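Novice: make a model of this:
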Amino acid sequence: MNAQLIILQGGEDVRKRTNETLFKNVANLSVIKKILVIPWTSKTLEKEMEYRTIFNNYFTHSGFQDVLFLETDDSNLEITRKITSVDVIYLPGGDPDILYREIKKRSLQNRLYNFKGILIGNSAGAIVLSKGSVDPHEGKFFSGFGLVKFFITVHFNLHQGSTTEKFEGPVINIPEDMWVATSGQD
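Specialist: Prediction:
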């Protein structure tokens, strides 16, 4: 795959595999059949480890032959090795502030920007790939790296009303269990 495809999920219950069709289609598009997960969306290692098992089972069931995980202690060389060995990278849901901070700490945003393959962000992961988002309940702004040129609202519900007035620029509202796909930036 020579071009970048970015898929932003509005949220998914990965335990129930509510977007399984999406991941089966992505696995079919993958030439390498390997997916890399950037799992840093939780304050506790215990929760992260629980979700690693869920992701491993989910993605292998969807058709990936290998599921890799970035580790917090991976060297730059190891990070490069893992990123260049896959054509799909997944950023899960959880706390967008933690994910943003951990990616920035390792300067991974440029690697994601230059990645030629499929980037998938679920909820917090989608926020980090976008220009950012506002929590509709608390009004808190979450920063993103702007790999797409718009803001997003995840877990969007028409009955909650819109947070679009809080943004200067286009906003894509993505409901739970739904997703949008776009090409990466030039």
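Novice: list the buried residues in stretch 56-73.
Specialist: 56, 58-59, 62-64, 67-70 (16 or more other CB atoms under 10 Å). To be clear about C-beta, it is placed using only N, CA and C from the backbone, and glycine gets the same treatment.
Novice: go through these and name the one nearest V148.
Specialist: Within the buried residues of stretch 56-73, the smallest distance to V148 is 21.3 Å, found for L70 (CB to CB).
Novice: show me which pair in the buried residues of stretch 56-73 is furthest apart.
Specialist: G63 and L70 (21.3 Å).
Novice: looking at the buried residues of stretch 56-73, which are in helices?
Specialist: Among those, the members falling in helices (DSSP state H) are 56, 58-59, 62.
Novice: for the nearest residue to F145 once chain neighbours are set aside, grab the count of nearby residues.
Specialist: Leaving aside its sequence neighbours, F145 sits nearest to Q109 (CB to CB, 6 or more residues apart in numbering; 4.3 Å). Residues lying near Q109 (other CB atoms under 10 Å) number 17.
Novice: cool, F150 as well?
Specialist: Neighbours of F150 (other CB under 10 Å): 17.
Novice: quick one: residues contacting it.
Specialist: 130-131, 169-172 (CB atoms under 8 Å, 6 or more residues apart in numbering).
Novice: could you rerun that using 10 Å?
Specialist: 8, 130-132, 144, 167, 169-172, 180, 182 (CB atoms under 10 Å, 6 or more residues apart in numbering).
Novice: measure it to I98 for me?
Specialist: 23 Å (CB to CB, to the nearest Å).
Novice: list phi and psi for the spatially most central residue of the chain.
Specialist: Nearest to the geometric centre of the chain sits G121, at 1.8 Å (CA atoms, centre = their mean). Per-residue torsions, G121: phi -120, psi 130 (degrees, to the nearest 10).
Novice: tell me what it is bridged to.
Specialist: For G121, the beta-bridge partners are L8, L91 (DSSP bridges).
Novice: thought it was touching I103?
Specialist: No. At 11.1 Å, G121 does not count as touching I103 under the criterion of CB atoms under 10 Å.
Novice: need the overlap of contacts for the two.
Specialist: 38, 91, 112, 128-129.
Novice: what segments of this protein are strands?
Specialist: Secondary structure of the chain, counting by DSSP state E: strands at 5-9, 34-37, 66-69, 88-91, 118-122, 132-134, 141-143, 151-156, 171-175, 179-183.
Novice: turn these into CSV, including distance to R52.
Specialist: Formatted as CSV, the strands of the chain follow (distance: least, CB to CB, whole Å):
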stretch, distance to R52
strand 5-9, 18
strand 34-37, 7
strand 66-69, 6
strand 88-91, 12
strand 118-122, 15
strand 132-134, 25
strand 141-143, 23
strand 151-156, 22
strand 171-175, 25
strand 179-183, 22
